[in-house]
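Student: 3D, please:
(4 chains)
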There are 4 protein chains.
Amino acid sequence: MARLPRKNDTASITARQEALHLDGAVTGIDLEPYAKAAESITGAAVIPVSVAQLRIELGRYDLSDAGEVVETGRELEDVVVPLAHTEGSLTASLQRGARAVEESGGFRTHVVADRITRASCFVCRDAGDALTLAGWVEGHVDEMRAWLQSADIPELSRFAVLREAKTHVVGPMCHVLWRFTTGDAVGANMMTRNAYALNMAYVVPNAPVAIERSLLEANMGGDKKPSFEYFQSGHGKTVIAEAMLTDDAIRRVLRTSADDLAELAWAGTHGAVASGMQSVAFTPASAIAAVFAATGQDLGMVGTSSMAHGTERRVEGGLHAAIRFPGLEVGTIGGGTTLPTAREWLALMGCDGAGKVYRFAQIVAAAALALEISASSAMATAGSENFFRAHFERGGLR
Amino acid sequence: MARLPRKNDTASITARQEALHLDGAVTGIDLEPYAKAAESITGAAVIPVSVAQLRIELGRYDLSDAGEVVETGRELEDVVVPLAHTEGSLTASLQRGARAVEESGGFRTHVVADRITRASCFVCRDAGDALTLAGWVEGHVDEMRAWLQSADIPELSRFAVLREAKTHVVGPMCHVLWRFTTGDAVGANMMTRNAYALNMAYVVPNAPVAIERSLLEANMGGDKKPSFEYFQSGHGKTVIAEAMLTDDAIRRVLRTSADDLAELAWAGTHGAVASGMQSVAFTPASAIAAVFAATGQDLGMVGTSSMAHGTERRVEGGLHAAIRFPGLEVGTIGGGTTLPTAREWLALMGCDGAGKVYRFAQIVAAAALALEISASSAMATAGSENFFRAHFERGGLR
Amino acid sequence: MARLPRKNDTASITARQEALHLDGAVTGIDLEPYAKAAESITGAAVIPVSVAQLRIELGRYDLSDAGEVVETGRELEDVVVPLAHTEGSLTASLQRGARAVEESGGFRTHVVADRITRASCFVCRDAGDALTLAGWVEGHVDEMRAWLQSADIPELSRFAVLREAKTHVVGPMCHVLWRFTTGDAVGANMMTRNAYALNMAYVVPNAPVAIERSLLEANMGGDKKPSFEYFQSGHGKTVIAEAMLTDDAIRRVLRTSADDLAELAWAGTHGAVASGMQSVAFTPASAIAAVFAATGQDLGMVGTSSMAHGTERRVEGGLHAAIRFPGLEVGTIGGGTTLPTAREWLALMGCDGAGKVYRFAQIVAAAALALEISASSAMATAGSENFFRAHFERGGLR
Amino acid sequence: MARLPRKNDTASITARQEALHLDGAVTGIDLEPYAKAAESITGAAVIPVSVAQLRIELGRYDLSDAGEVVETGRELEDVVVPLAHTEGSLTASLQRGARAVEESGGFRTHVVADRITRASCFVCRDAGDALTLAGWVEGHVDEMRAWLQSADIPELSRFAVLREAKTHVVGPMCHVLWRFTTGDAVGANMMTRNAYALNMAYVVPNAPVAIERSLLEANMGGDKKPSFEYFQSGHGKTVIAEAMLTDDAIRRVLRTSADDLAELAWAGTHGAVASGMQSVAFTPASAIAAVFAATGQDLGMVGTSSMAHGTERRVEGGLHAAIRFPGLEVGTIGGGTTLPTAREWLALMGCDGAGKVYRFAQIVAAAALALEISASSAMATAGSENFFRAHFERGGLR
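Tutor: Numbers count the residues shown, from 1 in each chain, chains lettered A, B, ... in the order given. Below you'll find the model as predicted:
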């Protein structure tokens, strides 16, 4: 096969389209706004976007100088959430869950923490040296943070602020989890730059022991790969969404009962254990993927951002339902969020641009909880009849 | 907030767009082809699609009557793969990996198995009853398969063929993993219908013990939730892609060495263990998500389909690299694959429509391996310099 | 340091004792019966053994020719269980749990399956070859079973019967899980002999592809190492113990309530998920270790045999409690069970010698459930007051 | 069955022995020294103890006021390690590994950290309250530490010093991981007392939100239950043992090669991943159990203390082998260590009594590494011939 041209000028794009005989829907969209998004751009993919309405008590948050997420207020709002997907019944189901919560007083959401990690690895002569290095790294975090802020290296990002360095020595390897905050961007790229600079311009020259090999990433960083490390400690924004469903809303809107939901949660949690799920919830990835696709998030992060821990508890007068997302890797600036449709869908939620990432993370979590509640309710009825009906009646495309 | 209309007729769509003040890129696309894809369709999301060229020795496969995937031939082909994403350097990196493999003789891919599971749960009085039920279910699989094929129930799908039923008793719960083949569709919906019918019309009426509660799904089914169960046994198409990289291609194209790659693989595998990754590879989700988004696959399945086990081994004259995907949840018919841009991108690979799903699954696996090889190579250089360069120079959007 | 003699004749033993200045309790026991148990025997360890009384409805089981565990009857018995340990309150707590169950009608136990695995690995040229080998192995299990029974190789064991061979291909590796039954012995050693013979005398000479390297065990076998594979599929005897506790017994004997126990189970299961436990129960290892130490089981298997999945469910009139042990690696012949004190403690339970291993496995499971119930009850009271009291008042040695 | 007496006076012990017709080896040992070790003591279990000689460069360590383990020196010593077990070939194999290391310069061991955790759970009204509580707990650690040291509550232990409190909120649950140091004892009991006191006398009365339920332990504490949490962060003493094996020692003593060992390590690590092992090594539990049984450690902790991460790396002139034990739950005072044979075997290593626990932890780790090296070597030969020979020739009892 002849090699296609690689550039994104109009002539190259057209040459690729012609060589590949593309002339339908995929080439009908003006690619100019996307020319810098990737190499060898040749067409587009279109995904329909539906919407759901949610009532959420959102927290307002600041990041303190010390890197803590601090709540400064709370407000009840109605938000319209865009969902890009082609799964029949998903939007209707999510909307049903949102309705039940609205009638119960609305979702409440909390941003718990904000950290993202690039994990490098320094291979030393032996474990003794690796331990010496680990101790030195942990003792120099303040110096390294200051160095990142002041060093005259143009590639460095001032937005990716080093917060902690967690070390883990195995054999002769000293793994270092560089933990950053990255503002309103997910920050994978800025983190990479700063971690690389730390490794090559700070650690390697100054280390108290010989480093045989320096690896920018050796799988402890959690980048697009689910792991227990980040299921627990978080990679991105750690968010909890919760709702106190009333018995009345459960019965009228969800057409089940709190007892049935609790029994399903019991069986489902044990099923999760029995099948070796690290992350226990019903179907968080459906909602996460739909919001991510609409808003220009990195779809390679759907799996990691969908790690979740859902709980349901029978309480007086209803059911408490909650979901913890340890690491929503979301941004409101940078990457795909700058592109036309993504920006517009973010704006619909009041989440476009700087200062909006905690708001956005909370909305994502609430949308996912809405779907959890509704999908669980369908499954909790006798024989899961309602779930079946939803798939049967609405799932025309599938 | 006033409730938006829910229908997908033109007036309702327009009403939603106006109520939400949407008037930019998201509403500029004709939504008519998407009206049945979801409820409350209101606009579109556009993702740019780039392309990469891969040389792959693809297997041809038939599904035997017994449900085994049987290889009937192999052919070396050049394939152009569409990648929908906005991550700078991803396409170029994947293409670089593909080039190195092409110069080494091309990828080889294998479809190993084909099963997808819906796991129901029957709650009994006690474990004794649950064990009796489990024995009964396992002893009636042939009867149940025949019943599904012949029962006069319009909701049943003839495409979802029951293959096995694996039971797992915990406490009073008898979990039943209904294992199906679903032809060229992913089959989530058809599987749901058939599993529901089995539960309600076959198991519950005929069971030798009292069933207190029947749940269509209780988290052992692997639907959009990564688990060890399916990391090992597979959910969708189990595919292995491999390549025998020559030392020459590694040096010239990948600018590293087989020894450096082997050393990185060693550190990366131990990093994966240390961080509790169930699934061990470098960045499979990036490629999976990109092909899925271009071709109308279910993006909620990016996490599960990205579960992978990658290996690299130093061999005489080069490096053997392979990746095992236990469960690629891909389809070439049904769901989002029927929509305009998806269909066109599938056609580019010769993967549109019936009889193409094994071909498609292999191409997805090869594309992911291309990226694994290239990303690893960037990381394996001294201090991972090349990886950093890629992020720095090309990652403009991030 | 001078090298000590290695033999177990009286002179060598005495020489070691003198060189090491051992002259107290450790040398006061006649070592003659232990001279073949290990190399360089030099003394003894003494562990006190306490006893608890349990009422259990035990199943009677046969192993069918096809390798299935078949129940042939059930009988309610009172059994005295020996517990070798030095943890204050453990025996009293276990006895309390047993009392509550006795007042509720007794434990019921079930042997679900019987398999133990030695997993070999054949490294091939590439994944294609490894897949060919995997298909060949799976297609020759009957021949290999027959060969093991008839081959004229003195090292082979006729007791270790090959049942299935599960293959798993990753990269160029063809892992083969040789699944055996081993009668009344745990069978590690006989399995090793037979697997080695299969590998070297059957697979390597007859394989349809070249095998570069043959490894008797490469970590898929589950030998003394907990893994999800065997948490689910089992390694040894898969046993479930259950009890239907009455509200009255819970209140009077356990001094808590079914609601409190259910609430603790809910929090504990979510705590297990949050901390990444593969195996979910409260304290099964305490009971397993105590019975193992008394009866000459392999203490290196305490961790694997303690993998467990416990459930509690509120039911009308009380609470259903159960625990599933996927792999109790227990024997009533061979290994340490032949030694004086072990044999005597096995005899106390009617579990010494051939034909007793399913009985013994059930008793172990029931003992562990007794402790689960009592320890949970102590923890479920307000602030876990009873648990604290037990540790405070009885834990004198700790 | 008549209820047996429960006390440990001579008459009760004799009454039990007679009622159970015990009159052999199990009753031949004077039980007086064991009368306080457990309830309903009725006899003894005897396990033979063999010995192996190891050359180890041991670190000397102090615990700083801040709770850090600080190295103050290193010394090369020859140590004789007692091994209580009945597995033929185990002692000889461990001794062979030790010999190879001795000829390569000896083991080196490092104590990395010292923490043990009791994890309580406070169930609140909702996640918002649980987060408030979590923030409050984390902000009062200094006050709580001081309170534990000064409060006039006789049950409190001054040895169990609170170091940190890590919180984890899921749903309405605020899990609190109370992290202690406990001196030379494992400390389970003293930790329980102090955690209970913290919960009931400090947290509940002072908490800023209502606590609905306080649970002393809800499965995040790692007590006798392996979990990822403690595989990584440690529960007990975190220790690394390492050795730099020379090619010569590998060839002469271990009868294999560094390349063969590296290849086995590669296959074994991937086998571990494929089977879902959290903890990756070859057979650490065998050695851990043997030393634990000899020295009066808690055998219920064999599984957790055997969690390990082993690595092997081909280096110039040989192979670097290491093993990381995140949580050796060992003590040199308290519990079973005070009993006659245990005390004597501890004394053999110079590990009896106060101030010896870091020394003991290092010896345990070195012994386990000795066995890892030897067992791996047997497995790494062609077809694992040596491993087979060991089992065949020496495993007479099995």
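
Student: make it CA atoms for all contacts and neighbour counts henceforth
Tutor: Fine.

Student: and the top strand by length along chain A, what does it pack against?
Tutor: Looking across chain A with DSSP state E, the single longest strand is strand A:41-63. Counting contacts by 3 or more Cα pairs under 8 Å, 6 or more residues apart in numbering or on different chains; DSSP states H and E, strand A:41-63 packs against helix A:10-19, strand A:69-84, helix A:90-103, strand A:107-124, helix A:357-380, strand B:41-63, helix B:284-295, helix B:340-348.

Student: now do the same for the residue of the stretch 251-398 of chain A at minimum distance from chain D: its pLDDT.
Tutor: Closest contact between the stretch 251-398 of chain A and chain D, by Cα to the nearest Cα, is at residue A:322 (5.1 Å). pLDDT, residue A:322: 98.

Student: which non-adjacent residue is nearest it?
Tutor: Using Cα to Cα, 6 or more residues apart in numbering or on different chains and skipping the chain neighbours, the partner closest in space to residue A:322 is residue A:242 (4.1 Å).

Student: repeat that for residue A:330.
Tutor: Nearest in space to residue A:330, with sequence neighbours left out and distances taken as Cα to Cα, 6+ apart, is residue A:186 at 5.5 Å.

Student: give me every residue that touches the one you found.
Tutor: With contacts defined as Cα atoms under 8 Å, 6 or more residues apart in numbering or on different chains, residue A:186 is in contact with A:236, A:329, A:330, A:331, A:334.

Student: need the three-state assignment for the residue of the stretch 251-398 of chain A found nearest chain B.
Tutor: Proximity to chain B, evaluated over the stretch 251-398 of chain A using Cα to the nearest Cα, is greatest for residue A:303 at 3.6 Å. On the three-state scheme (DSSP: H, G, I helix; E, B strand; the rest coil), residue A:303 is labelled helix.

Student: how about the nearest residue to residue A:24 once chain neighbours are set aside, what does it touch?
Tutor: Counting by Cα to Cα, 6+ apart, the nearest residue to residue A:24 once its immediate chain neighbours are dropped is residue B:344, at 7.3 Å. Residues in contact with residue B:344 (Cα under 8 Å, 6+ apart) are A:22, A:24, A:25, A:26, B:352.

Student: number of nearby residues for the residue of the stretch 151-300 of chain A found nearest chain D?
Tutor: Ranked by Cα to the nearest Cα, the top residue of the stretch 151-300 of chain A for proximity to chain D is residue A:171, at 5.1 Å. Residue neighbour count, defined by other Cα atoms under 10 Å in any protein chain shown, stands at 30 for residue A:171.

Student: now it: how far from residue D:301?
Tutor: The span separating residue A:171 from residue D:301 equals 24 Å under the rule Cα to Cα, to the nearest Å.

Student: what does residue A:194 give?
Tutor: Counting by Cα to Cα, the separation of residue A:194 from residue D:301 is 42 Å.

Student: equivalent analysis for residue A:42, please.
Tutor: 60 Å.

Student: more neighbours, these two?
Tutor: Neighbour count, other Cα under 10 Å: between residue A:42 and residue D:301, residue A:42 has more, with 30 against 26.

Student: right, and the more buried one touches residue A:10 too?
Tutor: No: shown here, residue A:42 and residue A:10 do not form a contact pair, counting by Cα atoms under 8 Å, at 9.9 Å.

Student: look at residue A:323 and give its secondary structure.
Tutor: Recorded secondary structure, residue A:323: strand (three-state DSSP).

Student: OK, contacts around it?
Tutor: Counting by Cα under 8 Å, 6+ apart, residue A:323 has contacts A:240, A:241, A:242, A:281, A:308, A:309, A:310, A:311, A:365, A:369, D:170, D:171.

Student: show the pLDDT at the second one.
Tutor: Meaning residue A:241. pLDDT recorded at residue A:241 is 98.

Student: what bridges to it?
Tutor: Applying DSSP bridges to residue A:241 yields these beta-bridge partners: residue A:109, residue A:323.

Student: wait, it sits on residue A:101?
Tutor: No: the pair residue A:241 and residue A:101 does not pass the contact test of Cα under 8 Å, sitting 11.5 Å apart.

Student: what sits in contact with each of those two?
Tutor: By the contact definition Cα under 8 Å, 6+ apart, residue A:241 and residue A:101 are jointly contacted by residue A:107.

Student: quick one, phi/psi of the residue of the stretch 151-300 of chain A closest to chain D?
Tutor: In this entry, residue A:171 is assigned phi and psi values of phi 50, psi -140 (degrees, to the nearest 10).

Student: same thing with residue A:22?
Tutor: With angles defined as degrees, to the nearest 10, residue A:22 shows backbone torsions of phi -90, psi 120.

Student: same question for residue A:104.
Tutor: The phi and psi values for residue A:104, taken as degrees, to the nearest 10, are phi -100, psi 10.

Student: still on that earlier bit, contact partners for the residue of the stretch 251-398 of chain A closest to chain D?
Tutor: Taking Cα under 8 Å, 6+ apart as the contact definition, residue A:322 lies against A:240, A:241, A:242, A:243, A:310, A:311, A:312, A:369, D:127, D:170, D:171, D:172.

Student: 6 Å - rerun?
Tutor: Listed by Cα atoms under 6 Å, 6 or more residues apart in numbering or on different chains, the contact set of residue A:322 reads A:241, A:242, A:310, A:311, D:171.
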